[in-house]
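> My questions concern the predicted model and sequence given below.
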Amino acid sequence: MDMMTRIATLISETMKNLWPETAGLPAPEELRGLLAVPPDPKMGDYAFPCFRLAKALRTAPPKIAESLCAGWQHGEVARVEPVNGYMNFFLNRVHFAEELMEELAAKKERFGASEEGKGKTICLDYSSINIAKRFHIGHLSTTMIGHSLKRIYDFLGYRTVGINHLGDWGTQFGKMICAYKKWGTKEEVEQGGVAALEALYVRFHEEAEKDPALEDEGRAWFKKIEDGDEEALSIFTWFKEITLKDAARVYDLLGVSFDSYAGESFYIDKMEPVIQELRDKNLLTQSEGAWVVDLSEDNMPPCLIIKKDGATIYATRDITAAVYRQNTYHFDKCLYVVAYQQDLHFRQVFRVLEKMGYAWARDCVHVSFGMVSFEGAALSTRKGNTVHLEDLLNQSVQKALEIIEEKSPNLEDKENVARQVGIGAVIYTDLSNSRIKDIDFRWDRALNFDGESGPYVQYTHARCCSVLRKAAEQSWPAPDWNALTDDEAQSLLRLMSRFPDVVREAAEKYEPFMITRAVTDIAQAFNKYYYEHRILDGEPAQAAARIALTRATAEQIKAGLYLIGIEAPERM
Ligand code: ARG
């Protein structure tokens, strides 16, 4: 049992002793949730706010805190003090250090990992790029939030299924084929990749302004794809391969992978039964020639299922995909990591599923997020004002290399470290704030080795590794944990002790940034410790304790960075 759970249990016992007759007092689990770590260690190691008890006890919180502290009988907490309605707990510092250090040494990078998800499946729909479009910075968040959540759920013992729900269906692909047939060449597209496809698409629209008949030609080509025409399909498949080949380079750089690439086109032959089901359940109504599910009771516009021309839409495929995923994976949750602009779309889709009678519709979650701007400028695809992710990543690696050349010219394997640092800087920025907040990407911040940044946390890890390499040159006696009772060591230990909670909370709220925050706090606390204490000097048994703390810090930072998708170089 961890310390917070134990304190919560003890508070609960104390409450029951003091007020055996009172109903409505919180259970230990709730008490645990209320326990906090005060920002200043002088206020204790943990604090319990008594405000929640005021109603049930009809007493003011400061009085409750006093009674609870007076009635406290448990030796493992060194001291407990009432302050302004809080109970402040002061732990026995040596015990705390010893217990935690032993647990950390046993679990290493698996500290915080658990089996709580055993037997449960989470589907994650993330990245979900569009065919014939370049991977731009707008797809960074979905990719990294999804990837991180997948690792977090894996860490908690869930089975996870990562799905790249490709945008590979729609009339625009007919237009692309049309443009390719008219103005493109095989060599050009092979060479230019997705950029060449994008250029063809732009050309199509320019020409169609002058010659509207092109639109019909485009539609005809799409019809051919739908009807399985050999030529149309082979060009379309080829476009898809080109897009995925380009995307694979970005995924490689980011270290991201998927279990499934079943995109929109995968559901084409699976929609009919679902549409029939909607009809059988009397959910389809006709509206201006189109078939829709009426959602007026839910204060939402109708969900379009079949357009006037008989074509299905994005939502039809998402409804079908959800049913397919439930039947195939039997998910306990299906997460859709998609920008907040699609909020209404997902509310409609989930509501339709609910109306179909699927109780699991409630297990579908839209994990939305804000926008990314770049050096203060908003991005828009339409105006061509986009930042291509591959360029951004390569630039970041280049800039990291320049900094490394300057800071540590003798470092071995510089290129590889620059890759880890450059990519880490971009990912860290993306996952450094609550996901719904907009992000402004700025080079000076992302690559600031001293600020709150990926390189800063990575550098701290490398610093720990360097101390450990030096320590490995000699042997050490058993650690004397009395060496870890100072304020700096205790702050660091407290932060580390919270890590399992942080992971759980990050999973519960779908918020990878909580882990970013936690590793940053740990890195800062370690650096403070490092400046105040000489790790390898002094009495050997005490040095051994400080070395163990350094090792635990390195392992913890590495584990945390892994969960947000960032590598941890050992030298920088
Ligand atoms: N391809 C879409 C886009 O780029 C995102 C798809 C999200 N997933 C889904 N199942 N609808 O906007």
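Arrived safely.
> going forward, measure contacts between C-alpha atoms and count neighbours the same way
Noted.
> Next SSE downstream of the lowest-mean-pLDDT helix or strand in the chain?
Of all regular secondary-structure elements in the chain, judged by mean pLDDT, DSSP states H and E, the least confident is strand 372-374 with a mean of 86. Toward the C-terminus, strand 372-374 is succeeded by helix 389-407 as the next helix or strand (DSSP states H and E).
> Does anything pack onto that following helix? Which helices or strands?
With contacts defined as 3 or more C-alpha pairs under 8 Å, 6 or more residues apart in numbering; DSSP states H and E, the packing partners of helix 389-407 are helix 230-254, helix 414-430.
> which of those sits most buried?
Of the helices and strands packed on helix 389-407, the one with the most neighbours on average (mean count of other C-alpha atoms under 10 Å) is helix 414-430, at a mean of 23.
> quick one: that one to helix 230-254, angle?
Angle, helix 414-430 to helix 230-254, by axes from the mean of the first three to the mean of the last three C-alpha atoms, to 10 degrees: 100 degrees.
> So in that sheet, which strands flank the helix or strand following helix 414-430, and in what orientation?
Downstream of helix 414-430, the next assigned helix or strand under DSSP H and E is strand 439-441. Taking DSSP bridges as the criterion, strand 439-441 forms sheet pairs with strand 372-374 (parallel).
> tell me which residues of the strand it pairs with are tucked away?
Neighbour-count burial for strand 372-374 flags 372, 373 (criterion: 16 or more other C-alpha atoms under 10 Å).
> Count residues in the vicinity of residue 501, would you?
The number of residues packed around residue 501, counting by other C-alpha atoms under 10 Å, is 14.
> Select, out of the helices and strands packed on helix 389-407, the one closest to residue 87.
Nearest to residue 87 among the helices and strands packed on helix 389-407 is helix 414-430; the distance by C-alpha to C-alpha comes to 36.2 Å.
> Residue numbers of the stretch 51-200 of the chain in contact with the ligand?
Taking C-alpha under 6 Å from any ligand atom as the criterion, the neighbours of the ligand within the stretch 51-200 of the chain are 125, 128, 129, 130, 165, 166, 167.
> Who wins on neighbours among the residues you listed?
Neighbour-wise, those (other C-alpha under 10 Å) top out at residue 125, 26 neighbours.
> mind checking the SS state of whatever residue of the stretch 351-500 of the chain ends up closest to the ligand?
Of all residues in the stretch 351-500 of the chain, residue 366 sits closest to the ligand, at 9.5 Å by C-alpha to the nearest ligand atom. Here residue 366 takes the strand state, with states given by DSSP: H, G, I helix; E, B strand; the rest coil.
> Please name the bridge partners of it.
Beta-bridge partners of residue 366, counted by DSSP bridges, are residue 336.
> residues contacting it?
With contact set as C-alpha atoms under 8 Å, 6 or more residues apart in numbering, residue 366 has these partners: 335, 336, 337, 338, 343, 346.
> ok so, going back, dump the helices and strands packed on helix 389-407 to a markdown table, plus distance to residue 568.
Rendered in a markdown table, the data for the helices and strands packed on helix 389-407 read as follows (distance: least, C-alpha to C-alpha, whole Å):
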| stretch | distance to residue 568 |
| --- | --- |
| helix 230-254 | 14 |
| helix 414-430 | 7 |
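> want to throw the ones you listed into a markdown table with mean pLDDT and distance to the ligand?
Formatted as a markdown table, the helices and strands packed on helix 389-407 follow (pLDDT from 0 to 100; distance: least, C-alpha to the nearest ligand atom, whole Å):
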| stretch | mean pLDDT | distance to the ligand |
| --- | --- | --- |
| helix 230-254 | 97 | 13 |
| helix 414-430 | 98 | 17 |
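> Which phi and psi values does the residue of the stretch 101-250 of the chain found nearest the ligand adopt?
Sorted by distance to the ligand under C-alpha to the nearest ligand atom, the residues of the stretch 101-250 of the chain start with residue 167, at 4.3 Å. In terms of degrees, to the nearest 10, the main-chain angles of residue 167 are phi -80, psi 80.
> For the stretch 1-150 of the chain, which segments count as helices?
For the stretch 1-150 of the chain, the helices defined by DSSP state H, counting those that start in this stretch cover 3-18, 28-34, 54-57, 61-70, 93-107, 140-155.
> Pick the most deeply packed of those.
That would be helix 140-155, which, of those, has the most neighbours on average (mean count of other C-alpha under 10 Å), namely a mean of 24.
> if we can go back for a sec, please pick the buried ones from the contacts of residue 366.
Buried positions within those, assessed by neighbour count (16+ other C-alpha under 10 Å), are 335, 336, 337, 338, 346.
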